[in-house]
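In: Starting from these lines, generate the structure:
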Amino acid sequence: MGSKTYLVTGASKGIGRSIAMALANEGHTVILLARESEQLTASCRDVQEISSASFTVSCDLANRASIDLTVEKLIELDSIDGIVHNAGTIAPIQSMFDVENADWARNIEVNLIGVQRLTKGLYPLMKASEHCRVTTISSGAALRPLHSWSSYCISKAGLDMWSRCLAEEGRGDGITSIAIAPGIVDTDMQLEIRSSNVDDFPLVESFAGYHRDGQLTNPDDVAQQLLGLITGHTFEQSGQRFDVREL
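Out: Predicted coordinates:
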């Protein structure tokens, strides 16, 4: 396959960090994108020990100016061979009738609008690749409504359709796109979910039980399961949605 360049969003921790490490271990150059933090610096240091050409770019997907600045920084690259849209937020976990409008809208901004803005900006680099593979991290919440998760469910459902639209419109430029649901993974997002107030999230005890009963999967294990599709999915698979539990 040879060394390729992959951009991974939300790469400072959790699944994103694990995917970045897995790609580096395969010999690829990784661009680690996340909001600036000590975690991002530490993740990059670990990746660079394996793939010295890898680097970070700090970006807040809720901030359109930050996305545009990121595009300006990256547009001088020769090409990007793959993007893993992993960054996302679960907040706000609150009834759609009680939530602040700005908080509800921010979720859509991070999980969906920012994905489109970043990808559109990087389109020239994607076209320059022989085959640019885009992977979006989906969720079971894309398929069914969950009380108090309205913005997350809607943004993830929209992201699934966005992936299908990219598959349709990108085919002529050598761009493929798939979505993968990773299951219930032991990340900070799960911690945030089970720390919710029961008045805001009636299902909180169920999610606490997943953790208590050892049902959460390890991010490193999930990354290994996803890796083959991230780096090798075909034009025939483009537009499809996969579930890690079925791989």
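In: And for residue 237, the neighbour number?
Out: 15 (other C-beta atoms under 10 Å). For glycine as for every other residue, the C-beta is placed from the backbone atoms N, C-alpha and C.
In: How about residue 199?
Out: 11.
In: doesn't it fall inside a strand?
Out: No. Checked against DSSP: H, G, I helix; E, B strand; the rest coil, residue 199 lies outside a strand; its state is coil.
In: What score does it have for pLDDT?
Out: On the pLDDT scale, residue 199 is placed at 88.
In: where's it relative to residue 75, distance?
Out: 47 Å (C-beta to C-beta, to the nearest Å).
In: Next: residue 179.
Out: Counting by C-beta to C-beta, the gap from residue 179 to residue 75 is 26 Å.
In: Have a look at those two and say which one is more surrounded.
Out: Using other C-beta under 10 Å, the more surrounded residue of residue 179 and residue 75 is residue 179, with 26 against 11.
In: what helices or strands is the helix or strand hosting that one leaning on?
Out: In this structure, residue 179 sits in strand 175-181 according to DSSP states H and E. Packing contacts for strand 175-181, counted by 3 or more C-beta pairs under 8 Å, 6 or more residues apart in numbering; DSSP states H and E, involve strand 132-137, helix 150-170, helix 219-232, strand 241-243.
In: residues of the last one that come out buried?
Out: To tie it back to what came earlier, the one meant is strand 241-243. Residues of strand 241-243 classed as buried: 241-242 (neighbour count, 16 or more other C-beta atoms under 10 Å).
In: do stretch 208-220 as well
Out: Residues 208, 216-217, 219 are the ones in stretch 208-220 that count as buried (16+ other C-beta under 10 Å).
In: Against residue 152, how distant is the residue lying farthest from the centre of the chain?
Out: Distance from the C-alpha centroid of the chain, by C-alpha atoms, centre = their mean, peaks at residue 199 (28.9 Å). Residue 199 sits 18 Å away from residue 152, going by C-beta to C-beta.
In: what do you get for residue 98?
Out: Distance from residue 98 to residue 152, by C-beta to C-beta: 15 Å.
In: And residue 52, by the same measure?
Out: For residue 52, the distance to residue 152 equals 37 Å [C-beta to C-beta].
In: Among those two, which residue is more densely surrounded?
Out: residue 152 (25 against 10).
In: Tell me which residues touch that one, please.
Out: By C-beta atoms under 8 Å, 6 or more residues apart in numbering, the residues touching residue 152 are 89-90, 107, 111, 139, 141, 146.
In: Confirm that residue 104 sits in a helix.
Out: Yes. Remark: residue 104 belongs to a helix, assigned using three-state DSSP.
In: Count the residues that sit near it.
Out: 19.
In: Please tell me how far it sits from residue 98.
Out: With C-beta to C-beta as the criterion, residue 104 and residue 98 are 10 Å apart.
In: Check residue 120 too.
Out: 34 Å.
In: Residue 71 too?
Out: Counting by C-beta to C-beta, the gap from residue 71 to residue 98 is 36 Å.
In: which sections of this protein are below the confidence cut-off?
Out: Residue ranges of the chain with pLDDT under 70: 1.
In: so where do the strands sit in it?
Out: Along the chain, counting by DSSP state E, strands occupy 5-9, 29-34, 55-58, 82-85, 132-137, 175-181, 241-243.
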